[in-house]
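Student: need a structure here:
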Amino acid sequence: MFQKRTRAQNLLLILKGIAIGAVNKIPGVSGGLIALLTGIYFELLYSLKRINLIAIKLLLTGNFKKLNNYINGNFLFNVFLGIIISYFSMSLILGYLLKNYPEYVWGSFLGMILASIYYTLPLIKKWDIFSISFYMIGLLIGIIISFSEPFSFNNNFYFIFLSGIISVSGIVLPGLSGSYLLILLGNYELLLVDSVNALYYMLQNLFLGDFSILQNKRQIYLIKVMIVFGLGSISGLYFFVNILNYLLKKFYKVTMSIIVGFITGSIFSLWPWRKEYLDGKKEFYFPINFDKETILILIFIILGITFVFFLEKFGKKNEL
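Tutor: Numbering: from 1, shown residues only. A predicted model of the protein is given here:
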């Protein structure tokens with residue numbers, strides 16, 4: 001059912017996974033959008049859907065070869081290997097850039113979204129009153145999310161589990177940023193910065209034979225947070241994948257219209273001309289002066305558009 005891939009194609013899958021994982025940690029950008037642009041979105045959804053009771057039965061009976069074929073295991077392994085690699089590496093680089101050069105990062109991602117809209121609009125195969133209406137619904141929801149005010153911080157484990165369910169939507173739903181939703185929930189720093197760093201340093205210390213970190217109550221707490229968040233993410237992934245597969249199968253036009261609307265609406269959360277405050281509030285503005293910074297931001301917007309253009313061209317040339 002699933003095609004076999006060469007080593008080069010498997011490497012390409014890992015690189016696509018790295019791109020998905022890296023941008024999924026950036027507020028306002030969806031990993032699902034990258035999956036869509038690189039041509040693996042629908043295969044990813046279908047493969048994840050097959051992690052079900054049949055797969056569990058094959059696992060428990062030790063029929064690993066049949067299990068691998070059933071769930072498209074090689075494909076999932078390579079994609080998620082890339083996501084994991086980027087989670088602890090590329091995201092650190094992007095985090096540094098966001099801290100020191102935020103306006104240029106937002107500009108490049110705004111360019112990526114603008115180009116993405118151009119390439120995703122044809123997914124709505126027929127534009128009529130019906131599809132336009134649902135596109136506008138998706139657009140409206142995207143705008144509302146973009147301008148929503150963040151909740152107060154909440155470190156309750158039940159809330160963290162719920163945050164995991166919600167955050168994984170960014171991998172499944174193009175245009176809906178899971179990391180941005182975590183900002184709105186007030187838990188972005190705890191779940192995508194502190195807990196990730198705690199796990200990284202714990203593994204590093206254990207590898208070096210230093211077990212003193214196991215006595216650090218704060219580090220242990222953050223590891224527990226990571227575990228609960230991870231369980232929520234797995235649950236959310238299973239839930240959203242099955243729901244979305246059903247909707248795409250039964251209501252393709254409606255679903256794709258809303259998704260493309262989401263993507264369009266996410267433009268506002270990536271607007272580079274902004275002021276951000278410590279409480280998470282943002283103030284957007286339009287540049288009045290055509291100064292050096294404005295020119296640089298426009299250049300980065302163009303670079304973002306160009307990147308998606310070459311990404312789309314490369315994806316078609318090396319279509320898997």
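Student: After the helix or strand of the chain with the lowest mean pLDDT, which helix or strand is next?
Tutor: Ranking every helix and strand in the chain by mean pLDDT, DSSP states H and E puts helix 90-100 at the bottom, with a mean of 70. Next helix or strand after helix 90-100 toward the C-terminus (DSSP states H and E): helix 102-120.
Student: Which elements pack onto the next helix or strand after that following helix?
Tutor: Sequence order places helix 129-146 as the next helix or strand after helix 102-120, per DSSP H and E. In terms of contacts (3 or more Cβ pairs under 8 Å, 6 or more residues apart in numbering; DSSP states H and E), helix 129-146 is packed against helix 178-185, helix 252-265. Bear in mind the C-beta positions are built from the backbone N, C-alpha and C, glycine included.
Student: Residues touching the helix or strand harbouring residue 199, excluding its own?
Tutor: Taking DSSP H and E as the criterion, the element that holds residue 199 is helix 195-207. Applying Cβ atoms under 8 Å, 6 or more residues apart in numbering, the set of residues contacting helix 195-207 from outside is 87-88, 91, 211-213, 218-219, 222-223, 225-226, 229.
Student: Can you show me the CA trace of it as CSV?
Tutor: Output for helix 195-207, consisting of C-alpha atoms alone and laid out as CSV, is shown next (Å, rounded to 0.1, in the frame of the first residue of the first chain):
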residue,chain,number,x,y,z
SER,A,195,10.6,21.7,30.5
VAL,A,196,12.4,21.0,27.2
ASN,A,197,15.6,22.5,28.6
ALA,A,198,15.2,20.4,31.8
LEU,A,199,14.9,17.2,29.8
TYR,A,200,17.9,18.2,27.7
TYR,A,201,20.2,18.9,30.7
MET,A,202,19.0,15.8,32.6
LEU,A,203,19.9,13.6,29.6
GLN,A,204,23.2,15.4,29.2
ASN,A,205,24.1,15.0,32.9
LEU,A,206,23.1,11.3,33.0
PHE,A,207,25.1,10.6,29.9
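Student: buried stuff in that helix?
Tutor: When neighbours are counted by 16 or more other Cβ atoms under 10 Å, the buried residues of helix 195-207 are found to be 195-196, 198-199, 202, 205.
Student: Out of the residues you listed, flag the one nearest to residue 8.
Tutor: Of all those, residue 8 sits closest to residue 196, with 30.6 Å by Cβ to Cβ.
Student: Would you single out the least confident of the helices and strands packed on helix 129-146?
Tutor: Out of the helices and strands packed on helix 129-146, helix 178-185 stands lowest, with a mean of 74 (criterion: mean pLDDT).
Student: for that helix, the distance to its chain's centre please.
Tutor: Taking the mean of its C-alpha atoms, helix 178-185 sits 11 Å from the chain's own mean (Cα atoms, centre = their mean, to the nearest Å).
Student: and what of stretch 298-305?
Tutor: Mean-position distance between stretch 298-305 and its chain equals 21 Å (Cα atoms, centre = their mean).
Student: Check stretch 13-32 too.
Tutor: On Cα atoms, centre = their mean, the centre of stretch 13-32 falls 5 Å from the chain's centre.
Student: next one: stretch 184-195
Tutor: Relative to its chain's centre, stretch 184-195 lies at 15 Å (Cα atoms, centre = their mean).
Student: Equivalent analysis for stretch 7-23, please.
Tutor: Using Cα atoms, centre = their mean, the distance from the centre of stretch 7-23 to the centre of the chain it belongs to is 14 Å.
Student: Rounded mean pLDDT for it, please.
Tutor: In this model, stretch 7-23 has an average pLDDT of 85.
Student: picking up where we left off before, Provide a ChimeraX selection command restricted to the buried entries of the contacts of helix 195-207.
Tutor: For selection in ChimeraX, the members of the contacts of helix 195-207 meeting the burial criterion (16+ other Cβ under 10 Å) are listed in this command:
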select :87,91,213,219,222,223,225,226,229
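Student: Low-confidence regions, this protein specifically.
Tutor: The chain contains residues with pLDDT under 70 at 1-3, 27-29, 90-92, 94-95, 149-153, 170, 175, 277-282, 311, 314-320.
Student: Tell me which other helices or strands the helix ranked longest in the chain touches.
Tutor: Counting residues, the longest helix found in the chain (DSSP state H) is helix 217-250. Helix 217-250 is packed against helix 41-49, helix 157-167, helix 169-172, helix 195-207, helix 252-265, with contacts defined by 3+ Cβ pairs under 8 Å, 6+ apart.
Student: Looking at the contacts of helix 195-207, which one is closest to residue 305?
Tutor: Minimum distance to residue 305 across these is 23.0 Å, recorded for residue 91 (Cβ to Cβ).
Student: Packing partners of the host helix or strand of residue 309?
Tutor: According to DSSP H and E, residue 309 maps onto helix 292-317. For helix 292-317, the packing partners by 3+ Cβ pairs under 8 Å, 6+ apart come out as helix 31-37, helix 102-120.
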